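**Student:** okay, sequence plus prediction incoming.
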Amino acid sequence: MRVLVAMSGGVDSSVAAAVVRDEGHDVTGVTLKLWGGDSDSGCCSVSDVDDARRVAQQLGIDHVVFNFGDDFTEHVVGPYVAAHAEGRTPNPCIECNRHLKFDRLARRAEALGFDAVATGHHARVVAGPAGSARLARGADAAKDQSYVLYVLGARELARVQFPVGSMTKAEVRARADRLGLRTAAKPDSQDVCFITSVEGRGRFLAPRIPLRPGRVVDTAGAEVGRVDAVELVTIGQRRGLGLAGAAAPRYAVDVDVSAATVVVGSAAELLVQGTTLERMVWADEPFDGEVRAQCSAHGKPARARIEPTPDGAGAVVRWATPRARVAPGQSVVAYVDDIVVGGGIVVRDEPEPG
């Protein structure tokens with residue numbers, strides 16, 4: 001089998017390439033050049049391309065670089081900026097997986113005659129009830145990446161391999177060390193490759209959209225503080241809201257960019273009983289039933305019931321116990337046991353009746 005292995009320059013993808021090679025496949029490594037600006041997250045930098053190339057040399061496999069910069073700007077960076085302008089909190093890693101790593105790359109691989117694409121993600125592909133490919137959690141719960149891969153359906157999963165998905169991170173590093181790979185001790189990359197730790201979101205967004213100062217009001221409408229940019233406030237945020245000392249913590253419970261207003265409330269006012277999702281991706285048919293729903297990459301799953309809309313394009317997650325609301329633009333992913341049944345993007349939450 002001819003396998004194209006996406007090599008980011010990190011230890012996981014390095015070992016993934018080694019595993020596929022050792023299984024006897026015809027392996028080529030590929031590094032995606034996605035972002036042309038500054039990056040200090042351990043992803044998309046010139047040094048990462050060099051690390052990937054050198055690991056490929058160590059493994060005795062070919063290595064190529066694909067420049068998908070225009071696609072990355074169109075499908076990841078542009079929507080990221082637009083979401084903040086609307087007061088939403090996007091997850092660019094999910095959109096990169098949706099549009100670049102498992103669409104654009106997969107189509108290029110197929111055109112070049114490869115039978116499969118492999119990556120270093122900590123996730124597994126398992127057989128579903130009808131025999132179709134389904135996405136499952138990786139063996140290492142602390143490193144599981146199935147949340148950011150929920151956008152993969154059976155069609156994509158049928159041509160995808162996750163060679164390190166059944167390994168713990170410690171096992172991955174140990175194997176890299178035994179092979180003498182230069183990435184064996186390399187730190188994990190951080191979340192957003194195009195936001196540097198020095199500039200942060202504010203300095204990245206400021207040249208691209210207007211960042212407007214705004215009022216902070218309580219749920220009764222009384223002004224209690226000010227923020228430098230309403231576009232940078234996230235639902236659930238506690239710090240950086242310009243609040244004077246209070247007897248109890250207060251959190252951002254709503255962001256209205258058009259009115260340049262942030263509403264804050266108590267922990268109880270942050271709770272919701274339901275979350276509405278759009279752009280649903282189902283593993284199979286729309287699922288209606290009890291699930292464990294996860295609201296962030298490493299968040300703790302919570303008991304809930306998911307109810308799809310009649311057309312399956314959306315869903316409502318009804319929490320078994322009221323929970324802190326999820327910022328619009330973020331994703332909620334539903335699991336039965338360790339298997340993903342579907343996920344979507346948050347539109348709004350329903351407050352818990354007082």
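**Tutor:** Thanks, I have the structure now.
**Student:** show me the contacts for Gly299.
**Tutor:** Contacts for Gly299 (C-beta atoms under 8 Å, 6 or more residues apart in numbering) come out as Tyr147. Quick note: C-beta positions are derived from backbone N, CA and C, even for glycine.
**Student:** mind exporting the C-alpha coordinates of stretch 9-25 to CSV?
**Tutor:** The C-alpha coordinates for stretch 9-25 follow below in CSV (Å, rounded to 0.1, in the frame of the first residue of the first chain):
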residue,chain,number,x,y,z
GLY,A,9,8.0,18.0,12.5
GLY,A,10,6.8,16.6,15.9
VAL,A,11,7.4,13.4,17.6
ASP,A,12,3.9,11.9,17.0
SER,A,13,4.0,12.2,13.2
SER,A,14,7.6,11.1,13.2
VAL,A,15,6.7,7.8,15.0
ALA,A,16,3.6,7.5,12.8
ALA,A,17,5.8,7.4,9.7
ALA,A,18,8.1,4.9,11.4
VAL,A,19,5.2,2.6,12.2
VAL,A,20,3.7,2.7,8.7
ARG,A,21,7.2,2.0,7.3
ASP,A,22,7.8,-0.9,9.6
GLU,A,23,4.4,-2.4,8.5
GLY,A,24,6.0,-2.8,5.1
HIS,A,25,4.1,0.0,3.2
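**Student:** average model confidence for that stretch?
**Tutor:** Mean pLDDT, computed over stretch 9-25, is 97.
**Student:** please apply the same query to stretch 109-127.
**Tutor:** When pLDDT is averaged along stretch 109-127, the result is 97.
**Student:** off-centre distance for stretch 288-297?
**Tutor:** 15 Å (C-alpha atoms, centre = their mean, to the nearest Å).
**Student:** pull out the buried positions in that stretch.
**Tutor:** Val291, Arg292, Ala293, Gln294, Cys295, Ala297 (16 or more other C-beta atoms under 10 Å).
**Student:** got a list of contacts for that stretch?
**Tutor:** Counting by C-beta under 8 Å, 6+ apart, 93, 145, 147-148, 191, 300-308, 317, 319, 326, 330-336, 341 sit against stretch 288-297.
**Student:** show me which of these are buried.
**Tutor:** In the contacts of stretch 288-297, the ones that pass as buried (16+ other C-beta under 10 Å) are 93, 145, 147-148, 302, 304-306, 308, 317, 319, 326, 330-336, 341.
**Student:** so which of those belong to helices?
**Tutor:** In this view, the buried ones among the contacts of stretch 288-297 that belong to helices under DSSP state H are Cys93.
**Student:** please spell out which residue in the protein sits farthest from the middle.
**Tutor:** Ala222 (36.2 Å; C-alpha atoms, centre = their mean).
**Student:** domain ranges for this structure?
**Tutor:** Domain ranges of the chain: 2-179, 211-266, 270-351, per automatic domain parsing.
**Student:** including distance to Phe204, could those go into JSON lines?
**Tutor:** Shown next, in JSON lines, are the domains of the chain (distance: least, C-beta to C-beta, whole Å):
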{"stretch": "domain 2-179", "distance to Phe204": "8"}
{"stretch": "domain 211-266", "distance to Phe204": "10"}
{"stretch": "domain 270-351", "distance to Phe204": "16"}
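**Student:** nearest approach to Val198 belongs to which of those domains?
**Tutor:** Relative to Val198, the nearest member of the domains of the chain by C-beta to C-beta is domain 2-179, separated by 7.2 Å.
**Student:** gap between the two ends of that closest one?
**Tutor:** One end of domain 2-179 sits 22 Å from the other (C-alpha to C-alpha, to the nearest Å).
**Student:** continuing past the top helix by length along the chain, what's the next helix or strand?
**Tutor:** The longest helix of the chain (DSSP H) is helix 46-59. Downstream of helix 46-59, the next assigned helix or strand under DSSP states H and E is strand 62-67.
**Student:** elements contacting the helix or strand that Val263 is a member of?
**Tutor:** Assigned by DSSP H and E, Val263 belongs to strand 261-265. Contact partners of strand 261-265 among helices and strands, from 3 or more C-beta pairs under 8 Å, 6 or more residues apart in numbering; DSSP states H and E: strand 214-218, strand 223-227, strand 251-256.
**Student:** report the buried residues of the helix or strand containing Arg173.
**Tutor:** Element membership of Arg173 [criterion: DSSP H and E] is helix 169-179. By neighbour count on 16+ other C-beta under 10 Å, the buried set for helix 169-179 is Lys169, Val172, Arg173, Arg175, Ala176, Leu179.
**Student:** relative to helix 46-59, how tilted is that helix?
**Tutor:** For helix 169-179 against helix 46-59, the angle by axes from the mean of the first three to the mean of the last three C-alpha atoms, to 10 degrees is 60 degrees.
**Student:** what about helix 169-179, average pLDDT?
**Tutor:** 98.
**Student:** next helix or strand past the helix or strand hosting Arg155?
**Tutor:** Assigned by DSSP H and E, Arg155 falls within helix 154-157. Per DSSP H and E, the first helix or strand lying C-terminal to helix 154-157 is strand 160-161.
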